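Novice: I need the structure of the sequence given here:
(one chain, ligands or ions: 1)
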Amino acid sequence: MVTPSQNLLLQVQGVHKRFGDNVVLAGADLDVPRGSVVTVMGRSGTGKSVFLKCLADVIRPDSGSICFDGRPLETRDAKTRMEFRRRCSFLFQSNALFDSLTALENVALPLEQTLDLSDKEIRERSLEALRQLELEAHHDRYPSQLSGGMQKRLALARAIVTRPELVLFDEPTAGLDPLRRNAVFVMIAKYQRQFGFTAVVVTHDVPEALISSDRVALLDQGRMHFQGTPAEFRVSSDPVVTSFRDNTTALSASLTAIRSGETLPSQDS
Ligand SMILES: Nc1ncnc2c1ncn2[C@@H]1O[C@H](COP(=O)(O)OP(=O)(O)OP(=O)(O)O)[C@@H](O)[C@H]1O
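Specialist: As a prediction, this is how the structure comes out:
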């Protein structure tokens, strides 16, 4: 049983999830202080997305406890789960925008689904969200008529239009080039400060995560091997952390070399 902490918007303890024989989460914990950006890192396939979906109430854990604002998720009835959906938004890897809807209609959707507002109020609030993300002039465009960065901003406008307290970002930079990746992290930091939401981000982009997060966590073999500040992560002597850091540094060096046209030694040599 989790003892709720006032300072924590989310408290995750001992979450287990398996799919058949595949044990993905084996007792994962995470503390998310109010108003902070917490980034979960880990190797590919370690279960970061599954973990985030458990937080979003999209996947139900087999066991463990997830407390949102002091209330355990597992005991919530339909009404309070609806309330949770209003207070929490999920930004999908793929943006999950509807191609057949305009920017304005995409942003209006969560308002129509979660709040009892008039058509006029929905339009005004949707336009306001577009304005805040500097997209108002494009309100009648379809997602395919927007650039990759604008689509990301549109997805964020849709995620914040209900004024959520918690925003969950699943690989927000997936498929973007390095410049656009930086822009996405800047965007998250900027709007997190502007709107004051709490953010949990899942990413492969370790250098960017270490710069832009208040806290980071490392998921490995179903558990969080590390939780702390980026400064603590940089100097941690935990073997799992050092191995992850070394691999990331090696990968970064290889990518820099490829970008600058150097020939890399063969993997076989
Ligand atoms: N709905 C599902 N049904 C069955 N297995 C699933 C399901 N969702 C995820 N998995 C499995 O859970 C494991 C973890 O997947 P997940 O997508 O969470 O990893 P990840 O750490 O986010 O990976 P990546 O960084 O490559 O995106 C994988 O083995 C995946 O096949």
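Novice: All the helices of this protein, residue numbers only.
Specialist: 48-55, 78-87, 103-114, 119-132, 148-160, 178-195, 206-212, 230-235, 239-259 (DSSP state H).
Novice: right, so of the ones you listed, which gets closest to the ligand?
Specialist: When the helices of the chain are compared by C-beta to the nearest ligand atom, helix 48-55 sits nearest the ligand, at 3.4 Å. All C-beta spots, glycine's among them, are computed from the backbone N, C-alpha and C.
Novice: hmm, who's touching that closest one?
Specialist: Helix 48-55 is contacted by residues 10, 12, 15, 17, 24-25, 28, 30, 40-42, 59-61, 66, 90, 93, 168, 170-171, 200, 202, 219 when judged by C-beta atoms under 8 Å, 6 or more residues apart in numbering.
Novice: My guess is Arg87 contacts Val167. True?
Specialist: No: judged on C-beta atoms under 8 Å, Arg87 makes no contact with Val167 at a distance of 10.3 Å.
Novice: Report the contact partners of Asn95.
Specialist: Per C-beta under 8 Å, 6+ apart, neighbours of Asn95: 143, 151-152, 154-155.
Novice: List, one by one, the residues from the chain near the ligand.
Specialist: 19, 22, 24, 42, 44-50, 204 (C-beta under 6 Å from any ligand atom).
Novice: May I ask which of the residues you listed has the most neighbours?
Specialist: Using other C-beta atoms under 10 Å as the neighbour test, the residues of the chain next to the ligand are led by Gly47, with 27 neighbours.
Novice: Now tabulate the contacts of Asn95 in TSV and tack on pLDDT and neighbour count.
Specialist: Output for the contacts of Asn95, formatted as TSV (pLDDT from 0 to 100; neighbours: other C-beta atoms under 10 Å):
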residue	pLDDT	neighbour count
Pro143	94	18
Gln151	89	19
Lys152	85	23
Leu154	91	25
Ala155	90	23
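Novice: Can you pick out the most distant pair from these?
Specialist: Pro143 and Lys152 (10.7 Å; C-beta to C-beta).
Novice: And stretch 56-69, what's buried?
Specialist: By neighbour count on 16 or more other C-beta atoms under 10 Å, the buried set for stretch 56-69 is 56-57, 59, 61, 64-69.
Novice: from these, which is closest to the ligand?
Specialist: Ile59 (7.1 Å).
Novice: Hmm, which of the buried residues of stretch 56-69 is lowest in pLDDT?
Specialist: Minimum pLDDT across these is recorded for Asp57, with 86.
Novice: quick one: contacts for it?
Specialist: Neighbouring residues of Asp57 by C-beta under 8 Å, 6+ apart: 73, 81, 84-85, 88.
Novice: wait, doesn't Ser126 sit right on Pro110?
Specialist: No: using C-beta under 8 Å, Ser126 is not in contact with Pro110, being 9.5 Å away.
Novice: Now the common contact residues for the two.
Specialist: By C-beta under 8 Å, 6+ apart, the residues touching both Ser126 and Pro110 are Val161.
Novice: okay, the two: which has more neighbours?
Specialist: Ser126 (25 against 21).
Novice: tell me the pLDDT at the more buried one?
Specialist: 93.
Novice: Share the number of residues neighbouring the residue nearest to Leu111 when sequence neighbours are not counted, please.
Specialist: Spatial nearest neighbour of Leu111, excluding adjacent residues (C-beta to C-beta, 6 or more residues apart in numbering): Ile122 at 4.8 Å. Around Ile122 there are 19 other residues, counting by other C-beta under 10 Å.
Novice: hang on, isn't Thr114 packed against Phe84?
Specialist: No: contact criterion C-beta under 8 Å: Thr114 and Phe84 do not qualify, at 10.2 Å.
Novice: circling back to that earlier point, mind picking the two most distant members of the residues of the chain next to the ligand?
Specialist: Farthest pair in these, by C-beta to C-beta: Phe19 and His204, 21.7 Å.
Novice: Just give the nearest non-adjacent residue to Ser212, would you?
Specialist: With C-beta to C-beta, 6+ apart, the residue lying closest to Ser212 is Phe185, at 4.5 Å.
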